[in-house]
Every structure is written in C-alpha cells, then in structure tokens.
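1. Can you look at this prediction? I've put the sequence above it.
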Amino acid sequence: MRQSSKWRLDLPEIAPSGEKAISLLVVQQSSLPILSIGVSDAGVTEIRMAQASGRHVKAISVDQEGIQISCRFARLARVDSCVEFFMHDVRSGFSSIGDGTIGFVYARQSLHYLEKQELGTVLTEIHRLLETEGLFFMVVKSVDDRWAQHPSATYDPSTAMTTWIYPREGNTGLTMRRQFFTPETLRSYADGAGFHVVNIESHEEVLYWDYAHTRKDEHSSSLLSMCCVKR
C-alpha cells in the first residue's frame, strides 16, 4: 500500500499521540480490524494506520460534514477501500461488532465528552469487542489543562463533568463541557472495564478548533494518554 509523497503534502499532519498509536499498532501481532472512535486529525491518522498495518480501519464520528472531509482524504490517499468512515454515537453501543473481532481501538479526544456512567459502559463494550491481547489507546484532557482551571469552571461530581465558559471576542461566551482526568481516575475507569493498564503518560499537544485542521489553538493542551491490553 505504498504511496507517493505528493498526497501527504495535501493532508493535515497528525498529532504526536497519533504517531504513538501507530508505533504500537505496527508491532502488534494481529490482523484484525482497527476501530477508531472519534475520527482523529481529519481522518489522516486512520489513513496512516491503514497504510502502516495493512489492516482495515473502521472510524466513527458524530460529525457528518467531517466524515465527508475524511472520505475525500482517503480517496486522495487511495486507501478508501481500506478505511471506512461512518456516523455512529458510541452511547448507542456496538451491537453490530462481534465479541473479540477487533484488534486495536484508538480513541483520541472523543471519550472525555461522555459522563461518568456513559464512559464506564462504553469502555466495557470496547473490552468486549477486542480480541484477547488486543490494545486500547485512549487520549483525554488532563485536570492540569488550562480550561479545567478556568475561573468559570464548575465540576459536577454526579457526572464527573466540568462546565466552563470559553470567551469569544464580541460575542457571548461559548459553554463547553467535558471530563478532565487524573492518571488515577483514568486507571480506575480502565480497571472497572477489565483492562490491564500498560502505561499512562502526560504530555502537551496543540489542538485545532475545526475538523479540517485550519484553525490551530493558540495554546497547548494538557493531555493524558493511556495504553491498555485485554487479558
């Protein structure tokens, strides 16, 4: 599936956490499909995963317009037969995916939008669909992130969600809501779903405000990456 370098110039770069996931993927002894929850880097990470591993990639999102962008990128990279982008809300479960039929699950900047109970349920489902020794790589916002510390931030212990107001010049502030994690809370979720945690790492990344990566954030974000295995 080797491609010329020309198409790469036309696509967004992928995040360091995406590169880390790919490095884990290429040494994994599995031929089963990859599931990506919340299409990452406009779909370019999923494209790179297919190219690096030769495996089929199923990538889900709740952004219909974004999926169209990713499908266009996959056609440009000539991997549209290997990478499948489609609409799906993880809160509805994965009833169409059989037990132990997925080899690798990647979830970057997507599952932290779920409330405490929802996240526990989704992680249990991910554990079910992974093969034995299958890998799960998850990236979320850390409690050290600047928005978790914002003066407007309020925490709801019943849902584990933090709500804050993102200021916009000349407009009413934008209300934002997600979970922020410590390594301990992240590990607790993984343990509760039956995973063995390999490692949890903290790091900084500069994110984008839009799906197609045209509006870069002026600040870096504090993230946690967790690698787990199903025993």
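-> Perfect, thanks for sending it.
2. pLDDT score for residue 170?
-> Looking at residue 170, its pLDDT reads 64.
3. residue ranges of the helices in the protein, please?
-> All helices of the chain, identified by DSSP state H, fall at 16-27, 44-53, 64-76, 116-129, 183-193.
4. Any chance of TSV for those, columns distance to residue 154 and mean pLDDT?
-> All C-beta spots, glycine's among them, are computed from the backbone N, C-alpha and C. Formatted as TSV, the helices of the chain follow (distance: least, Cβ to Cβ, whole Å; pLDDT from 0 to 100):
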stretch	distance to residue 154	mean pLDDT
helix 16-27	28	96
helix 44-53	33	96
helix 64-76	29	93
helix 116-129	16	98
helix 183-193	18	99
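5. Name the stretch among those helices that sits most buried.
-> helix 44-53 (a mean of 23; mean count of other Cβ atoms under 10 Å).
6. related to what we said a few turns ago, figure out which of the helices of the chain is closest to residue 98.
-> Closest approach to residue 98 among these (Cβ to Cβ): helix 116-129, 7.2 Å.
7. From the rest of the structure, what touches that closest one?
-> Helix 116-129 is contacted by residues 35, 37, 90-91, 93-94, 97-102, 105, 107, 111, 114, 136, 158-161, 179, 189-190, 192-195, 230 when judged by Cβ atoms under 8 Å, 6 or more residues apart in numbering.
8. Same list, the helices of the chain, but as TSV with distance to residue 144 please.
-> Listed next are these as TSV, based on distance: least, Cβ to Cβ, whole Å:
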stretch	distance to residue 144
helix 16-27	16
helix 44-53	24
helix 64-76	28
helix 116-129	19
helix 183-193	11
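9. who wins for proximity to residue 204 among the ones you listed?
-> In terms of Cβ to Cβ, the element of the helices of the chain nearest to residue 204 is helix 16-27, at 9.1 Å.
10. Residues in a beta bridge with residue 104, which ones?
-> Under the criterion DSSP bridges, residue 104 forms beta bridges with residue 34, residue 135.
11. give me the number of residues near the closest residue to residue 86 other than its chain neighbours?
-> Of all residues not flanking residue 86 in the chain, residue 60 sits nearest, at 6.1 Å (Cβ to Cβ, 6 or more residues apart in numbering). Residue 60 has 20 neighbours, counted by other Cβ atoms under 10 Å.
12. For residue 105, see how far away residue 60 is.
-> 11 Å (Cβ to Cβ, to the nearest Å).
13. In the helix or strand of the chain with the lowest mean pLDDT, which residues are buried?
-> Lowest by mean pLDDT, DSSP states H and E among the helices and strands of the chain is strand 171-178, with a mean of 88. Neighbour counts over strand 171-178 (16 or more other Cβ atoms under 10 Å) mark residue 178 as buried.
14. Direction included, what does it pair up with?
-> As defined by DSSP bridges, the strand partners of strand 171-178 come to strand 161-168 (antiparallel).
15. Between helix 116-129 and the strand it pairs with, find me the angle.
-> 110 degrees (axes from the mean of the first three to the mean of the last three Cα atoms, to 10 degrees).
16. can you start the count at 20 instead of 1 from here on
-> All set: I'll call the first residue 20, so the last point we hit is now strand 180-187.
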